[in-house]
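Novice: here is the input, now give the coordinates:
(3 chains)
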Amino acid sequence: MKSFIINLDVPFNLDHTMDCGQTFRWNKLKDGSWLGVVDGALLILKQENSELHVKSSAENLFGMELDEGIRYYLGLNDDLDTIKDNIVENLKLYGFYEQSVLTDKVFDLYRGLRILRQDPWEMLIEYLISARNNIPSIKRTIEKLCRLFPENKRQFDGIEYYVFPTLKQLKKLSLRELESINLAFRANWIYDTVRSVDLEKLYSLKGRSFNDKLEYLLTLKGVGYKIASCVMLFSLEEFSAFPVDVWIERVMFNLFNVKGSTKRVMETGRKYFGAFAGYAQEYLFKYFRTLQKGDK
DNA sequence: GCCCAGGGGTAGT
DNA sequence: ACTACCCATGGG
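Specialist: Reported below is the predicted structural model:
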């Protein structure tokens, strides 16, 4: 058990980061702290202004010292000002002045929202579950999937939690067992994908080109442009990836008057927002979704 | 009962 | 390459 404080020397907002739709396994407690399972460890994070209070069940993370591992996971090394400027300038380059003003505003509104460095295998399965599904239901189903493996149960500081199943574990599940946790038509996809995915290949995609990443991901059953983009953006450090879901579809019609196939809208977003289109996507997703829902 | 949800596969153009 | 339709389930 390790407990310490990270002094934040860059803009960071824990609530925005954990509650912008990029992750399904972080949960907020009543006292304002966030609970998550990362690299097999339970992390408890609580932000108090520029202090990030950390409790961890493990001594290190991703083979790094805990402090360094958490900075990496939270994307604290990303230069948010440079990223915002890049996006805003790119929009102006294409003559989208009003859109650049809005994007600038949203970046200020949710200042400190960062893209996490999550696990590619976990993202692949979780976003397969996300297809034509709603966020509360996605979270419940992921939790049920973890609980199919009692051996994955861990305990720390009086809190019980489950680590995400390995490929080997999911391979052992029959189609019926997958269907038993309400995966519906997604059960077939997961059944096929766990039998065809090459994890070594998947992990090696980090550092490859956008097209190389996309090409491989699209070979997996149930993975189309949207899910591939989520895996790339949230776990393969592909910040030009631009996931288009029903919300972003509306946003893109709103901002650029484009509609049509996911591919077409995605390509438009990547072009107009530029190298960090994925960052723009996350901020806009949170902004428009919060607006429509009327909560918070 | 109706509608929708961080979509994708397929068959038909 | 693009489009229309279907896919199961839970929650409002």
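Novice: where exactly do the strands run in the stretch 101-250 of chain A?
Specialist: For the stretch 101-250 of chain A, the strands defined by DSSP state E, counting those that start in this stretch cover A:153-156, A:159-162.
Novice: near the closest residue to A:Y73 other than its chain neighbours, how many other residues are there?
Specialist: Sequence neighbours aside, A:R117 is the residue nearest to A:Y73 in space, at 5.3 Å (criterion: CB to CB, 6 or more residues apart in numbering). To be clear about C-beta, it is placed using only N, CA and C from the backbone, and glycine gets the same treatment. When neighbours are counted by other CB atoms under 10 Å, A:R117 registers 20.
Novice: out of the strands of the stretch 101-250 of chain A, flag the one nearest DNA strand C.
Specialist: strand A:159-162 (19.3 Å; CB to the nearest atom of the strand).
Novice: direction included, what does that closest one pair up with?
Specialist: Its sheet considered, strand A:159-162 pairs with strand A:153-156 (antiparallel) by DSSP bridges.
Novice: against A:Q281, how distant is A:F12?
Specialist: Counting by CB to CB, to the nearest Å, the gap from A:F12 to A:Q281 is 19 Å.
Novice: the more surrounded of those two?
Specialist: Each of A:F12 and A:Q281 has its neighbours counted (other CB under 10 Å); A:Q281 has more, 31 against 21.
Novice: got the contact list for that one?
Specialist: Contacts for A:Q281 (CB atoms under 8 Å, 6 or more residues apart in numbering) come out as A:L233, A:F242, A:P243, A:I248, A:G269, A:F273.
Novice: cool, A:D39 as well?
Specialist: Counting by CB under 8 Å, 6+ apart, A:D39 touches A:A58, A:L61, A:F62, A:G69, A:D119.
Novice: give me that answer again for 7 Å
Specialist: Contact partners of A:D39, counting by CB atoms under 7 Å, 6 or more residues apart in numbering, are A:L61, A:F62.
Novice: how far away is A:T268 from A:F239?
Specialist: From A:T268 to A:F239 the distance is 17 Å (CB to CB).
Novice: ok, these two, which is more surrounded?
Specialist: Neighbour totals were compared for A:T268 and A:F239, and A:F239 leads with 23 against 20 (other CB under 10 Å).
Novice: residues in contact with the more buried one?
Specialist: Residues near A:F239 by CB under 7 Å, 6+ apart: A:L233, A:A275, A:F276, A:G278, A:Y279.
Novice: quick one, helices of the stretch 101-250 of chain A?
Specialist: Taking DSSP state H, counting those that start in this stretch as the test, the helices found in the stretch 101-250 of chain A are A:120-130, A:135-147, A:167-171, A:175-179, A:186-196, A:199-204, A:210-217, A:225-235, A:246-256.
Novice: please identify the most buried of these.
Specialist: Compared across the helices of the stretch 101-250 of chain A, helix A:225-235 shows the largest average neighbour count, a mean of 25 (mean count of other CB atoms under 10 Å).
Novice: is DNA strand B within reach of that helix?
Specialist: Yes: among the residues of helix A:225-235, A:Y225, A:K226, A:I227, A:A228, A:C230 lie within reach of DNA strand B under CB under 7 Å from any atom of the strand.
Novice: A:Y216 is in contact with the fourth one, correct?
Specialist: Right, the one you point to is A:A228. No: A:A228 lies out of contact with A:Y216 (CB atoms under 7 Å); the separation is 8.8 Å.
Novice: thinking again about what came up before, can you pull the contacts of the residue nearest to A:Y73?
Specialist: Taking CB under 7 Å, 6+ apart, one finds A:Y72, A:Y73, A:G75, A:E237 in contact with A:R117.
Novice: what do you get for A:E126?
Specialist: By CB under 7 Å, 6+ apart, the neighbours of A:E126 are A:F24, A:I142.
Novice: same thing but at 8 Å, please
Specialist: With contacts taken as CB under 8 Å, 6+ apart, A:E126 has the following neighbours: A:F24, A:R25, A:I138, A:I142.
Novice: distance of A:H53 from A:V251?
Specialist: Here the distance between A:H53 and A:V251 works out to 34 Å (CB to CB).
Novice: swap in A:G207?
Specialist: Taking CB to CB, one finds A:G207 at 30 Å from A:V251.
Novice: please parse chain A into its domains.
Specialist: Domain assignment for chain A, taken from automatic domain parsing, gives A:2-73, A:120-235.
Novice: for DNA strand C, which of the ones you listed is the nearest?
Specialist: The closest of these to DNA strand C is domain A:120-235. By CB to the nearest atom of the strand, the value is 3.6 Å.
Novice: determine whether any part of that closest one lies close to DNA strand C.
Specialist: Yes: judged by CB under 7 Å from any atom of the strand, domain A:120-235 comes into contact with DNA strand C at A:R132, A:N133, A:N134, A:P136, A:S137, A:R140, A:E179, A:N182, A:A184, A:F185.
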